[in-house]
Structures are given as C-alpha cells and as structure tokens.
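Participant: Predicted model, plus sequence, below.
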Amino acid sequence: MEKKQGHLDISKLSFGGLLITLGIVFGDIGTSPLYTMKAIVLGGAGNFNELLIYGSLSCIFWTLTLQTTIKYITITLKADNKGEGGIYALFALIRKKSSWAATLTMIGGAALLADGVITPSITVTSSIEGLKMFNPGIPVIPIVLIIFAILFFIQQFGTNIVGSSFGPIMVVWFLMLGVMGFSQLVIYPEIIKALNPVYAIKFLTQYPGGFILLGAVFLCTTGAEALYSDLGHCGRKNIRISWIFVKTMLLLNYFGQGAWLLTNIIPENDFNPFFTIVPGWFLFPAVLISTAAAIIASQALITGSFTLISEAVSLNFWPKIRILYPTHVKGQVYLPSINWFLWVTCSLVVLFFRESSNMEAAYGLAITITMIMTTLLLSYYLYQRSTTRRFSLLILIVFLTIEGSFLVANLHKFKYGGWFTLMLALIYFLVMLGWYFGRKIRNRHITFVNLDSYLPLIRDLSKDKSVPVTATNLVYLIKANNKDQVEAKVLYSIFQKQPKRAEVYWLLHVDRVDDPHRFEYEIEQIIPGILIRVDFHIGFKVDPRINLYFKEALEDLVESGEITLESSYNSLKKHGFPGDFKFIIIERIMIRDFKLSNWENFILTLNNIAQLISLPEIRTLKLDPTNTITEQVPIIIEQTPPKRIKRV
C-alpha cells in the first residue's frame, strides 16, 4: 500500500525515527533494571559475596550481547516479511508451512501473549514501590490498580496523542539510568572487570545455586522478543542504531548497581538496589520518571498484544474477533475483548502476587519458551535458503544451548508463580490449536467441482422466468483457489437447496496473502455478464472490509463499462433504480454420523469452544447483515459403515 503523505517513513534512519523507536520498542527491556539486580540479590541473599555481583554482572553483559545483540538485533531482524517482524511474520516467511511449524508458532505466540500480562504488572508495581522509601506504609496495590484502570480505559481512544511523548520520556529515562550508574562506577571502577566472561563461568560453576540464578539474570533480556515484533513499527535501521544507546545506558546502570552493592552495607530488610543508587534529593523525580517508563513499557506490551492477536486472526490462528481502528496511524488496532481481558488478568496478578519480588518468580518462564520457538523457526527458515544451511545449524546449536539453559533455570520458578504464566499460555495455545487444526479438519472435507460442466446450467437458470428472482445480484463467498473450480456447497445452494435465480452470480474469493500490506483485486468474467469472479488479495495486516472493497470494485467495473448495475425489475429499471445485491454465506456443520479419531474429536471440541468467542462471518467481513443470508449444509465424509442395517 502507498505511504501517506506527511507521515514519517520509519524504514529510513532519521532522528525522528530513532526517537519513536525509543518510545515504542525498548519499554520492556529498558525497564528491566528496576527488578533484575533486585531479583539476583534476593536469590543470593543467603550467600552474598563478590562472586555473586561480578558473576551475575558478567552474565548480564554476555546475555545482552549474545541473546539480544547478536540473535535479535543482528540476525533475526533480517528475517522480515515486507518490513514486518514477529513470530507470526516469521511463520509467514516459511515456504513449507508444516503442522509442526504451525504448532511451534502457536506455542511461541501463546507464551508471548502470556508475557504481556506479567510485564505491565511487574514494571508498574516495581516503580510505585520506590515510594516506600518515603513512606513504608504507602498503598502500592491501590495505586497500581488505578493506573491500570486508566491505562486500559484510554486504549479505546487510540494512543497517538500520548504516544508522541513516549520517545522524549524514554530518552530522559535512559539518560537517568546512565547517569545514576556512572555516578557509582567512578566510585568503584574495578567493577568493570565483570566484563570478563571468566566471572560468568565461575558464577555458574562455583557459586552455590548460580545456575538457578540464571532465571533472575534472564530478566535483563525479557524484552528482546519485542524488538523483533515491533520491526514493522520502527524499521530495522532505527532499532539497530538506537540499541547502541539503550544497551550502553542499561549496562552503566547494571554495573552502577553492582558497584554500590560492593561498597555499601546491604540493608537487612527487602530493598531495591535500583533506587538505592539514586541521590535522596532526586528520589521522588526518579520514582515519577520510572513510573512513566513503566507505563510506556506496559503500553508497548498492550499494543503488542493487540497486534499479535490481529495477525493471528488474519493467519487463522485465532477466532474472528472484533478489531477496531481508533486512529489513522498505520498498524494501530484496538481489540475490545482482549483489552478488557488484559485489564482483568493484570489486576488479578497484582492482587494475587502483591509485591514485585513475588512477580519476579513468575516472570521469564513463558518468554523463554517464546525465544526457543523463535530460534527453531528462524533456523528452519534459514535452512530453506540453501546458501545458509551451515549457518542455520550453528544458530540452532548456539542459541538452543543458551535458551535451553535459561529454560532449565526458569523451571525452578514454576512452583513460585511460573505456573501462572504457563497456565495462561496454555489457555491461549488451546484456543489457537482448536481453531487452526479444527479448520484444517473441516476444510479437509470440502469438495470442489469444476465449473465448466455447470456453466450451461447457470446460464439457463439466470434466464428461467419460471423460477422466482432471488436477487438481481447473488454473491457467494468461496474458498476455491483455482479459478475453474468452486465448492460443491455453492452449487448445491444455487440448484438444489432452493433454486436461486439472479441476473448476475458473483463469486468472491478472499486470498489472505503473506505480504502483510498487499491490497489488490482482480476480476474474471467466467460467463460475461452472468457469472463473475472477484479475487481479493489482502495482506494479513489489512482490515478485511469485504463489503467496502466489493463496492469499490463494482464502481471500477461500472466506470470501465464492463457491467451496468440496473435492477432486474422492469418497473424499477425504467426509473433508474440500481440492482439489488444479496450475499449468501454457507456454514458447514459437522454431523455426528461419522467416526473420527480421538485426536480429531479433541480438536473439534476445542474448535467448538473457540467458536463461542468468534464473531460470525457477516461481522468479520463487514457485510451488510440486512442483505445477507446464512445457510447451513452438512459436512459429508465418505466412510463405509461397519455394518448395514437390515430390513425385516
């Protein structure tokens, strides 16, 4: 689709693009200093020593370098689908979309959506807990719940107005991180020795429980997957250049916290080293800035969840739900059902875990699974490109080793709260599993027939005045990719269910293509003026407003003189009335006369449950319900009965 004039071209490197990128992409990973070192120190509280600090900082540095910089910034961002990124875009890139590739995508997408619940909870709670340094009795939970109520309420109006301030606020946030960390580094510059990977190795092999503490170290890179998902919003160049600044500020702050921990007496009670390195006179502004950064990070995850679900809907991984476009900003969507679900679940997380330290135990396990799924899909995608097969194998081995280690360490969190995100991810996964494979089972039994043998019948029926006119124009939505075929159910509806006469029969085929922004249609007059096929080629990021697009196609056809939209009724035609249109949607019902496998029955049960949250096709395709008829036909499966009933 063409770029609108006056909008910033995010695919090009620019100062404005860098500023927008800081506000959109780095909220999650940028707020990790709020809780990462706190989780590490809390986990090693029983054995606090220099190796804990040097080793954990070394692990943080090399995790950000290997996992974030090399895997995501350098390699994964290259795997873009016409500028779009994320696990669903990666699946769209894969040439052979096997069932196992679809399953990996579902697992990764489900885990990423589950992460979208815990991230806002932990970031906002961690920032508000900084107020306890002024007043230990401050009501953190009510404040967080009020912030969530406001944040989720404003989603329906779009975020383009407040979003314009995200970039400058995040610049202030990252500069604050760097300055606060540097102020401690000058006091204890020896902390720089932690850059040596030897300390990371000693930490994992010599420190008691060091390997388990990898689960806390992993918190520093939990937002890396968002870098890839937001590729389409900000562009590869802007993400890569801004990451240099972001990584520098993050490391300065992490190492500054480590320097403070090695040069000060640690309080006995629960504390957060992030706020302890802030000067007393700047503490309140620091809490305000961190709260703003946490809200921005939450907004990024909410918006990311909307984008993920809308892409999943377009790729038939998720049931059809209501998708709104509150602004004219490209790619910005609003999903009411998902918004309110996230609000309830985020609020429940805060009420259940109550403190950020408890949420840290639940955080990280789900996103580790997403990263592993991305590694598997990325390796498979690169393997399909014959010139990079050795490279794809190297990526698979290296990053599966790293992420497998993080997964094992994070499994320790399961009983401390990790079960919650896995349970949430399982719910998302089962919905996708039932919807995707349930459609596969139903579509497997679609019967297509060649149109050629039915063309004379259609021509005769359109002129048979003994059959009442159903509509001047009768429109069927079809799934046949081949232009000389149509589903048997369409012909059954026209000739057998109740003969339907029309002057013009239209066959509309909606082709959801892998190119995210493709927006085209083509026309074929199978029987000129009587049977016309329209193919809409629509990218998975384009709103399928078929009723509108069909009207635009009709306008083009009238303008070119290919058709005339006159009424079929003589009394109306002479007064210039246009012809009427009636859409026919045919639902295929699986009847229970046929024996299916246990797996197929399980999938169809999940599919029936998913149907409860799915919108009818009339609403998903934006059709006019007053001009649409829904018919039901049975799915016929060719099976030989084990025993035939006998007449007596």
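Facilitator: On my side now, so go ahead.
Participant: quick one, helices of the stretch 301-450 of the chain?
Facilitator: 336-353, 356-362, 365-384, 389-410, 418-444 (DSSP state H, counting those that start in this stretch).
Participant: Tell me which residues touch Val490, please.
Facilitator: Tyr476, Ile478, Leu507, Ile586 (CB atoms under 8 Å, 6 or more residues apart in numbering). Bear in mind the C-beta positions are built from the backbone N, C-alpha and C, glycine included.
Participant: Among the helices of the stretch 301-450 of the chain, which comes closest to Lys71?
Facilitator: Closest approach to Lys71 among these (CB to CB): helix 389-410, 5.6 Å.
Participant: State whether Trp506 is indeed within a strand.
Facilitator: Yes. Under DSSP: H, G, I helix; E, B strand; the rest coil, Trp506 falls within a strand.
Participant: Surely it is in contact with Thr472?
Facilitator: No. Assessed by CB atoms under 8 Å, Trp506 is found out of contact with Thr472, at 10.9 Å.
Participant: that older thread, possible to save the helices of the stretch 301-450 of the chain as a markdown table with distance to Leu42, mean pLDDT and mean neighbour count?
Facilitator: Listed next are these as a markdown table, based on distance: least, CB to CB, whole Å; pLDDT from 0 to 100; neighbours: other CB atoms under 10 Å:
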| stretch | distance to Leu42 | mean pLDDT | mean neighbour count |
| --- | --- | --- | --- |
| helix 336-353 | 14 | 90 | 18 |
| helix 356-362 | 6 | 76 | 23 |
| helix 365-384 | 17 | 89 | 23 |
| helix 389-410 | 15 | 89 | 17 |
| helix 418-444 | 16 | 88 | 19 |
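Participant: Go through those helices and name the closest to Phe148.
Facilitator: Closest among these, using CB to CB: helix 336-353, at 5.5 Å.
Participant: quick one on the thing from earlier: of the contacts of Val490, closest to Ser567?
Facilitator: Once CB to CB is applied, the member of the contacts of Val490 that ends up nearest Ser567 is Tyr476, at 20.5 Å.
Participant: which secondary structure element contains that closest one?
Facilitator: strand 473-478 (DSSP states H and E).
Participant: So for that strand, mean pLDDT?
Facilitator: Computed over strand 473-478, the mean pLDDT rounds to 89.
Participant: if we can go back for a sec, now the two most distant members of the contacts of Val490.
Facilitator: Counting by CB to CB, the most remote pair of those is Leu507 and Ile586, 12.3 Å apart.
Participant: Where does the prediction get shaky in the stretch 1-150 of the chain?
Facilitator: 1-11 (pLDDT under 70).
Participant: go on, the stretch 151-300 of the chain?
Facilitator: Within the stretch 151-300 of the chain, the stretches with pLDDT under 70 are 158-164, 267-270.
Participant: In it, what residue spans correspond to strands?
Facilitator: Secondary structure of the stretch 151-300 of the chain, counting by DSSP state E, counting those that start in this stretch: no strands present.
Participant: Tell me which stretches of it form helices.
Facilitator: Using DSSP H, counting those that start in this stretch, the helices of the stretch 151-300 of the chain run over 160-163, 166-185, 197-206, 214-217, 224-229, 231-234, 236-263, 273-276, 283-314.
Participant: Export the ones you listed as TSV, with columns for mean neighbour count.
Facilitator: Putting the helices of the stretch 151-300 of the chain into TSV (neighbours: other CB atoms under 10 Å) gives the following:
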stretch	mean neighbour count
helix 160-163	14
helix 166-185	20
helix 197-206	17
helix 214-217	27
helix 224-229	25
helix 231-234	24
helix 236-263	22
helix 273-276	22
helix 283-314	22
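Participant: Count the neighbours of Asn47 for me.
Facilitator: Using other CB atoms under 10 Å, the number of residues around Asn47 comes to 12.
Participant: What separation is there between the closest residue to it other than its chain neighbours and Leu185?
Facilitator: Take Asn47 and drop its neighbours on the chain: the residue closest to it by CB to CB, 6 or more residues apart in numbering is Pro208, 5.5 Å away. Here the criterion is CB to CB, to the nearest Å. By it, Pro208 lies 28 Å from Leu185.
Participant: Dump the contacts of Val490 into TSV; add distance to Val41 and neighbour count as well.
Facilitator: Shown next, in TSV, are those (distance: CB to CB, whole Å; neighbours: other CB atoms under 10 Å):
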residue	distance to Val41	neighbour count
Tyr476	65	22
Ile478	62	19
Leu507	66	22
Ile586	62	19
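Participant: of the residues you listed, closest to Leu455?
Facilitator: Leu507 (12.4 Å).
Participant: Can you list the residue ranges for helices in the stretch 1-150 of the chain?
Facilitator: Using DSSP H, counting those that start in this stretch, the helices of the stretch 1-150 of the chain run over residues 15-24, 27-30, 36-43, 50-63, 87-93, 99-128, 140-153.
Participant: Tell me which other helices or strands the first one touches.
Facilitator: Spelled out, that is helix 15-24. With contacts taken as 3 or more CB pairs under 8 Å, 6 or more residues apart in numbering; DSSP states H and E, helix 15-24 sits against helix 166-185, helix 231-234, helix 236-263, helix 283-314.
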